[in-house]
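# All I have is the shape, not the residue letters:
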Ligand SMILES: N[C@@H](CCC[C@H](N)C(=O)O)C(=O)O
């Protein structure tokens with residue numbers, strides 16, 4: 001599937017014994033038709049009332065606690081396969097509510113953002129995470145500087161720029177993702193405010209690279225924009241693959257809405273998992 005161009009494999013292992021390991025995730029990505037930005041593995045539910053327990057793998061085999069577009073794709077897959085308009089999924093970051101939003105696509109409640117430096121996490125204390133001391137380029141004329149940082153289930157840094165196309169994120173992304181200030185690495189975004197209710201975003205994803213869309217980054221940018229007074233709490237975030245609508249509710253929860261698309265169905269050869277067990 002894809003969520004506005006974010007390439008997602010939904011692997012339904014409910015009722016099956018296989019479990020995805022980092023090496024199996026990388027092997028699946030290398031199969032013909034198996035490429036993904038994220039693999040969403042569905043396991044039997046652990047908590048009453050949930051449809052599935054979900055593990056999220058990046059293409060490099062690393063795991064994430066959150067994936068907004070992938071969660072929306074899982075929601076669409078389950079609504080189409082099993083009916084209903086609302087469901088609960090369990091992730092390592094907690095329970096996520098997913099709702100069929102009709103013509104607008106699928107909405108996921110991403111929970112509440114965390115702003116404390118230790119929760120992002122950062123390697124050293126920062127009292128104010130709306131803008132931390134981090135820059136690249138010459139010391140007196142930095143190319144990118146003072147990102148907002150936030151955790152929306154996964155760590156994000158957002159650099160505010162006038163034009164997202166004016167910077168080579170493919171070049172700076174790897175350096176920033178792996179900067180020592182981010183002990184668990186980070187997703188890196190360039191964000192431009194285009195109105196009090198809209199942003200343009202380009203994302204270098206942790207464990208993946210440049211992607212056409214990243215739902216959690218859209219949430220991270222939207223709450224950071226509102227928190228720094230750049231926008232209101234409801235924004236349309238334009239990414240290379242399309243637009244996501246983000247609402248940061250007064251109770252702190254972030255709601256993300258946007259379309260999903262089915263691409264093709266396939267089967268994973270058992271050898272991918274057998275090789276792991278050997
Ligand atoms: N594309 C995802 C984010 C996936 C996880 C990220 N790469 C990480 O490791 O934190 C989204 O739509 O949120």
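That came in fine, so what should we check first? These numbers come from a predicted model, not from an experiment.
# Off-centre distance for the lengthiest helix in the chain?
Criterion DSSP state H: the longest helix present in the chain is helix 68-82. Centre-to-centre, helix 68-82 and its host chain are 15 Å apart (CA atoms, centre = their mean, to the nearest Å).
# Beyond it, next helix or strand please.
Per DSSP states H and E, helix 68-82 leads on to strand 86-91 as the next helix or strand towards the C-terminus.
# what comes into contact with that following strand?
Here strand 86-91 makes contact (CB atoms under 8 Å, 6 or more residues apart in numbering) with 45-47, 49-54, 56, 65-66, 71, 74-75, 78-79, 95-100, 153. Every residue, glycine included, has its C-beta placed from N, CA and C.
# In strands, which of those appear?
52, 53, 54, 56, 95, 96, 97, 98, 99, 100 (DSSP state E).
# which bits of this structure sit near the ligand?
Taking CB under 6 Å from any ligand atom, the part of the chain that reaches the ligand is made up of 6, 37-38, 58, 64, 66-70, 154, 187, 205-208, 214-216.
# Just these: which are in helices?
68, 69, 70, 215, 216.
# Verify the contact between the fourth one and residue 72 for me.
It refers to residue 215. Yes: here residue 215 reaches residue 72: they are 6.7 Å apart, a contact under CB atoms under 8 Å.
# Give the residues shared as contacts by those two.
Shared contacts of residue 215 and residue 72, counting by CB under 8 Å, 6+ apart, come down to 3, 108, 256, 258.
# taking those one by one, which sit in strands?
Of the positions in the shared contacts of residue 215 and residue 72, 3, 108, 256, 258 sit in strands, assigned by DSSP E.
# and residue 259, backbone torsions?
Backbone torsions of residue 259, given as degrees, to the nearest 10, read phi -80, psi 160.
# quick one: it and the ligand, what's the gap?
Between residue 259 and the ligand the computed distance is 13 Å (CB to the nearest ligand atom, to the nearest Å).
# how many neighbours does that residue have?
By the measure other CB atoms under 10 Å, the count of residues near residue 259 is 18.
# Report the contact partners of the nearest residue to it once chain neighbours are set aside.
Ranked by CB to CB, 6 or more residues apart in numbering and with sequence neighbours excluded, the top spatial neighbour of residue 259 is residue 105, at 3.9 Å. Residue 105 makes contact with 72, 76, 257, 258, 259, 260 under the criterion CB under 8 Å, 6+ apart.
# Likewise for residue 72?
3, 98, 105, 106, 107, 108, 215, 256, 258, 260.
# try it again with 10 Å
1, 3-4, 6, 8, 98-99, 101, 105-108, 215, 244, 256-260 (CB atoms under 10 Å, 6 or more residues apart in numbering).
# hmm, back to that, looking at the shared contacts of residue 215 and residue 72, which is nearest the ligand?
Checking the shared contacts of residue 215 and residue 72 against the ligand with CB to the nearest ligand atom, the nearest one is residue 3 at 6.3 Å.
# my guess is residue 262 meets residue 1, correct?
Yes: counting by CB atoms under 10 Å, residue 1 is a contact partner of residue 262 at 5.5 Å.
# anything in contact with each of these two?
10, 73, 76, 77.
# Skipping its backbone neighbours, what lies nearest the last one in space?
So the one you mean is residue 77. With CB to CB, 6+ apart as the criterion, residue 77 has its nearest non-adjacent residue at 5.0 Å, and that residue is residue 10.
# give the contact list for the one you found.
1, 36, 38-42, 54, 70, 73-74, 76-78, 262, 265.
# Redo the ones in helices among the residues of the chain next to the ligand as JSON lines? Include distance to residue 115.
Formatted as JSON lines, those follow (distance: CB to CB, whole Å):
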{"residue": "68", "distance to residue 115": "18"}
{"residue": "69", "distance to residue 115": "23"}
{"residue": "70", "distance to residue 115": "24"}
{"residue": "215", "distance to residue 115": "19"}
{"residue": "216", "distance to residue 115": "15"}
